[in-house]
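In: sequence first, then the predicted structure:
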Amino acid sequence: MSTRTLIRGGLVITAAEETHADVLTDGERIVALAASGSDVAEGWHADRLIDARGKYVIPGGVDVHTHMEMPFGGTCASDTFETGTRAAAWGGTTTVVDFAVQSVGRSLREGLDAWYAKAEGNCAIDYGFHMIVSDVNESTLKEMDLLVQEGVSSFKLFTAYPGVFFSDDGQILRAMQKGAANGGMIMMHAENGLAIDVLVEQALARGETDPRYHGEVRKALLEAEATHRVIKLAQVAGAPVYVVHVSAQEAVAEVARARDEGLPVFGETCPQYLFLSTDNLAEPDFEGAKYVCSTPLRPKEHQKYLWRGLRTNDLQVVSTDHCPFCFSGQKELGRGDFSKIPNGLPGVENRMDLLHQGVVEGHISRRRWIEIACAAPARMFGLYGRKGTIAPGADADVVIYDPAAEQVMSAETHHMNVDYSAYEGRRVTGRVETVLSRGEVVVERGEFRGRAGHGVFLPRCTSQYLN
Ligand code: URP
Ligand code: ZN
Ligand code: ZN
Ligand code: ZN
């Protein structure tokens, strides 16, 4: 017998509407919604009743950009699939799409199988994979077809990180042509990595070794240039393109211009670019290392352009780029040389709350919050219907959210496996109360009730955003 759960009396918010409705789940699925207090809703019986009066009832968050236990920068991201997906659940996220990595000289298959093995049996919530393509060649291009059939329907390429993930323009064009043919979405890390490496060398030669120089050499203009270039390459290939972690105002402008021309160009930003800035990178005593990520944090003035892009739909998705490294022992690898600080910030647990804070502060509406954090990422990456909304037939991934609760973000209380919070001491309004993942309660009023291995692999179809 499957368990039926009745979530009664909350304000149900989806990307499309807000209604006072009761939600009935049966087993792993949502089976019905009805107006609260209606005869239909009053007639329902269930095994478990959740009182959501005064609360929001929202779809579980969909974070389409995480790096659990990724080897990078001479070390390894500190959250495993077990700790990272548990932290995600704590923060109201019930789906992650993580990046499997192809190593240069190896096949996509080998990289993807390694990621299946890391995740299998360890995840508290459901998960999918994108594939990082580091070595575009004839056999890799053929493998891309197989991966799309297998439900790994998106590929990340880099104009940054020469010698690691970097692809040249010819390789990027070939991958985009493949994406145009098989429906795979090409995701681009857009920064001019070759030019940045020259500026890094010159900065270090001048004795500019502190974390803040990471932000200075990775110039906004070089993000804009690479964004412009990958958009043109996609246009030549006849392919859509999704630009990840957009941080500079000038890069938003490139995405917006392409969209105004009617091109299928999409943009993602992350909470760190909306809430943090070069002021953090400049914190003394090497504290700035906590904020080293690429694309880098920008001066505060950029934030309003990112929020505006999210309102105007020039940017469609907010994901975290969760890639945590401990301050102690990991970020410290770059003391005396900012280029050796492993790149990445923790945040998988904080995204839903920080974006709700964007609602509180008037940057976005409640429905836009759900659109950019749940619905759009699901649609962009072939998960919509099952994930990203509250509707009959959808997975019962539901969050009961208390919009009035106050909390202070801190490493003392977070659940990510990292020794600092990028948002230490930040006070926000709103907090996750209860989280259901495929009908099972995984978080309830300050207690984790899920388990490693509950989460299943999600084979994804091609993007539903274009139709
Ligand atoms: O600094 C970052 N973003 N680290 C993760 C790797 C990437 O480029 O997304
Ligand atoms: Zn029953
Ligand atoms: Zn990237
Ligand atoms: Zn990333």
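Out: Happy to help now that I have it. Ligands and ions are numbered 1, 2, ... in the order given.
In: for residue 328, grab the count of nearby residues.
Out: By the criterion of other Cβ atoms under 10 Å, residue 328 has 10 neighbours. C-beta coordinates here come from the backbone N, C-alpha and C atoms, glycine included.
In: am I right that it sits in a helix?
Out: No: assignment of residue 328 by DSSP: H, G, I helix; E, B strand; the rest coil gives coil, placing it outside any helix.
In: give the contact list for it.
Out: Each residue near residue 328 by Cβ atoms under 8 Å, 6 or more residues apart in numbering is listed here: residue 419.
In: what distance do you get for it to ligand 1?
Out: According to Cβ to the nearest ligand atom, to the nearest Å, residue 328 and ligand 1 sit 19 Å apart.
In: again with residue 128
Out: From residue 128 to ligand 1 the distance is 17 Å (Cβ to the nearest ligand atom).
In: one more: residue 187?
Out: In terms of Cβ to the nearest ligand atom, residue 187 sits 10 Å off from ligand 1.
In: check residue 249 too.
Out: According to Cβ to the nearest ligand atom, residue 249 and ligand 1 sit 19 Å apart.
In: nearest residue to that residue other than its sequence neighbours?
Out: Nearest non-adjacent residue to residue 249, counting by Cβ to Cβ, 6 or more residues apart in numbering: residue 305, 4.0 Å away.
In: just the element for the nearest residue to residue 86 once chain neighbours are set aside, please.
Out: Excluding the flanking residues, the one nearest residue 86 by Cβ to Cβ, 6+ apart is residue 124, at 4.6 Å. Using DSSP states H and E, residue 124 falls within no helix or strand.
In: can you count the residues close to residue 124?
Out: Neighbour tally, residue 124, other Cβ under 10 Å: 28.
In: right, and it touches residue 450 too?
Out: Yes: if you go by Cβ atoms under 8 Å, residue 124 and residue 450 touch, sitting 4.4 Å apart.
In: give me the common contacts of these two.
Out: Residues touching both residue 124 and residue 450 (Cβ under 8 Å, 6+ apart) are 86, 89, 437, 442.
In: now, among those residues, which is nearest to residue 358?
Out: Nearest to residue 358, judged by Cβ to Cβ, of those is residue 89 at 21.5 Å.
In: ok, residues contacting the helix or strand that contains that closest one?
Out: Under the criterion of DSSP H and E, residue 89 resides in helix 81-90. By Cβ under 8 Å, 6+ apart, the list of residues contacting helix 81-90 from outside reads 61, 63, 66, 68-69, 79, 94, 96, 98, 118-119, 122-125, 127, 322, 324, 348-349, 414-417, 432, 435, 437, 442-443, 448, 450, 452, 455.
In: which of those fall in helices?
Out: If you go by DSSP state H, the contacts of helix 81-90 have 118-119 in helices.
In: what residues does the stretch 51-200 of the chain have near ligand 1?
Out: Proximity of the stretch 51-200 of the chain to ligand 1, by Cβ under 6 Å from any ligand atom, involves residues 67, 189.
In: tell me where the stretch 51-200 of the chain has strands.
Out: Assigned by DSSP state E, counting those that start in this stretch, the stretch 51-200 of the chain shows strands spanning 56-59, 61-66, 71-72, 75-76, 93-101, 126-132, 154-158, 185-189.
In: mind listing what's buried in stretch 413-422?
Out: Applying a neighbour-count criterion of 16 or more other Cβ atoms under 10 Å, one finds 414-422 buried in stretch 413-422.
In: quick one, strands of the stretch 301-450 of the chain?
Out: Counting by DSSP E, counting those that start in this stretch, residue ranges of the strands within the stretch 301-450 of the chain are 317-318, 398-408, 427-437, 440-444, 447-448.
In: between those strands, which gets nearest to ligand 1?
Out: Ligand 1 sits nearest to strand 317-318 of all the strands of the stretch 301-450 of the chain, at 14.0 Å, using Cβ to the nearest ligand atom.
In: show the pLDDT at residue 467.
Out: Here, the pLDDT recorded for residue 467 equals 59.
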